[in-house]
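> here is the input, now give the coordinates:
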Amino acid sequence: MLNLRVGFARAVSFLFFTCALSGIAVVQAQEPAAERSEEVITKSISENEWKGHLTFLASFDQGWKADIGGRDRRIHTAKDLNRQQYVPENQIKHVEIVEKAGRYGHALSFQKKTSQSLFYWGDSVGYRPENWSGTLSVWMKLDPNKDLRPGYCDPVLLTDKQWDQSALFIDFDKDLPRDFRLGLFPDFETWNPKRIPWDAIAVDQRPMVVVKSPPFSSDHWTHVCFTWQDANRLDNALGQASLYLNGQAMGTHRQVLRYTWELDKVAIQLGIHYIGLMDELATFDVALTPQQIKQLYELPGGLAGAAAAGL
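Got it, this is the predicted structure:
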């Protein structure tokens, strides 16, 4: 495990070495100055400082266990999305690892819609109750308009509660042609203090980044990455989150991002009503810059491949 972690540290250093040399600013949460209450707080991160920022990785190349994670790197199967009843390991017969089918190496294959839920514990994602930033990255391969069954689909959901309370997620809308969306739902009283029913909230007032006609296909892989920064600011200033597809910025949403998590309950849920392939799910405990996200998208062999090569 030590060698693997060192390998991944080298991979991350390799990926961002050029950025460090050129002085590109990397978003990192810091205690804000009063006169900069609505600005993004940035700080250059050196090559060596990158070693601790890859906090979770599931490449599926060595099986179900995450390559890097927290207290328990096993995948778990929950009876439903509430995760009140769960058991270790994958127990869903329609979900399997397919050798050499991934963007890099093996892939996770979801073959049918199911009410059960797979998840990893998310205590390693880098949550901070004050001044919190991060990044989530994943590869997906599907045609959402043909492959998915009716209803919403959440390929990845990060929360200790549920989708509309202290959650970040990516999803496909239920209507055809399906939009792809980044959902930013901080503590319920923060984003919906008047408790307005979801269907009564105007689409442009919902805390989401929406992409029309997203570039997903069953013939090629699509890289999905989103960042969040300046969450849990002490002065309640605006935070923001941005969505990227194939290294290109799709949009940014700004609002107060107040997330109150119980760390031992945080879960990275994956494949909710999803039908398709998934590969190399990763998190970082800083918000990567657009330049770094593009490099991640273009990285030969992916994070796991770079680590194996000793870069």
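> the bottom helix or strand of the chain by mean pLDDT?
Least confident helix or strand of the chain, by mean pLDDT, DSSP states H and E, is strand 26-27 with a mean of 31.
> and residue 160, how many neighbours does it have?
Applying other C-beta atoms under 10 Å, we find 20 residues neighbouring residue 160. To be clear about C-beta, it is placed using only N, CA and C from the backbone, and glycine gets the same treatment.
> cool, and the one 4 residues further on?
Burial of residue 164, expressed as a neighbour count using other C-beta under 10 Å, amounts to 15.
> pLDDT at it, what is it?
At residue 164, the model reports a pLDDT of 95.
> where's it relative to residue 93, distance?
Look at residue 164 and residue 93: by C-beta to C-beta, to the nearest Å, they are 30 Å apart.
> got it, and residue 296?
The gap separating residue 296 from residue 93 is 33 Å, by C-beta to C-beta.
> same question for residue 137.
With C-beta to C-beta as the criterion, residue 137 and residue 93 are 28 Å apart.
> quick one, which of these two is more surrounded?
Shown here are residue 137 and residue 93; by other C-beta under 10 Å, residue 137 has more neighbours (25 against 10).
> isn't the more buried one up against residue 227?
No: with contact defined as C-beta atoms under 8 Å, residue 137 does not reach residue 227; the gap is 9.5 Å.
> joint contacts of those two?
residue 293 (C-beta atoms under 8 Å, 6 or more residues apart in numbering).
> next, count neighbours for residue 196.
With other C-beta under 10 Å as criterion, residue 196 counts 11.
> what are the phi and psi values for it?
Backbone torsions of residue 196, given as degrees, to the nearest 10, read phi -70, psi 130.
> what does residue 156 give?
Per-residue torsions, residue 156: phi -140, psi 130 (degrees, to the nearest 10).
> also the one 10 residues further on?
Geometry field for residue 166 lists phi and psi as phi 50, psi 50, criterion degrees, to the nearest 10.
> got the contact list for the residue lying closest to it once chain neighbours are set aside?
Distances taken as C-beta to C-beta, 6 or more residues apart in numbering put residue 259 closest to residue 166, at 5.1 Å, once the chain neighbours are dropped. Residues near residue 259 by C-beta under 8 Å, 6+ apart: 127, 132, 166, 186-187, 231-232.
> most neighbours, which of those residues?
Using other C-beta under 10 Å as the neighbour criterion, residue 231 leads these with 25 neighbours.
> shouldn't it be in contact with residue 255?
No: if you go by C-beta under 8 Å, residue 231 and residue 255 don't touch, sitting 10.0 Å apart.
> off-centre distance for stretch 137-157?
Centroid separation for stretch 137-157 versus its chain: 14 Å, with C-alpha atoms, centre = their mean, to the nearest Å.
> nope, stretch 66-85 is what I meant
On C-alpha atoms, centre = their mean, the centre of stretch 66-85 falls 15 Å from the chain's centre.
> can you list the residues that contact that stretch?
Contact partners of stretch 66-85, identified using C-beta under 8 Å, 6+ apart, comprise 4-5, 8, 54-59, 61, 64-65, 86-92, 115-124, 162-163, 267, 269, 272, 304.
> pull up the distance across it, start to finish.
21 Å (C-alpha to C-alpha, to the nearest Å).
> tell me the average confidence for it?
Taken as a whole, stretch 66-85 carries a mean pLDDT of 95.
> can you give me the buried ones in it?
Neighbour-count burial for stretch 66-85 flags 66-70, 73, 75-78, 81, 83 (criterion: 16 or more other C-beta atoms under 10 Å).
> repeat that for stretch 98-109.
For stretch 98-109, by 16+ other C-beta under 10 Å, it's 102-109.
> need those residues in JSON lines with secondary structure, can you?
Formatted as JSON lines, these follow (DSSP: H, G, I helix; E, B strand; the rest coil):
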{"residue": "102", "secondary structure": "coil"}
{"residue": "103", "secondary structure": "coil"}
{"residue": "104", "secondary structure": "coil"}
{"residue": "105", "secondary structure": "coil"}
{"residue": "106", "secondary structure": "coil"}
{"residue": "107", "secondary structure": "strand"}
{"residue": "108", "secondary structure": "strand"}
{"residue": "109", "secondary structure": "strand"}
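> farthest-separated two in those?
Pairwise distances across the buried residues of stretch 98-109 peak at 14.9 Å for 104 and 109 (criterion: C-beta to C-beta).
> now do the strands in the stretch 51-200 of the chain.
In the stretch 51-200 of the chain, the strands defined using DSSP state E, counting those that start in this stretch lie at 54-58, 76-78, 86-88, 95-98, 107-110, 117-121, 132-141, 153-162, 165-172, 180-185.
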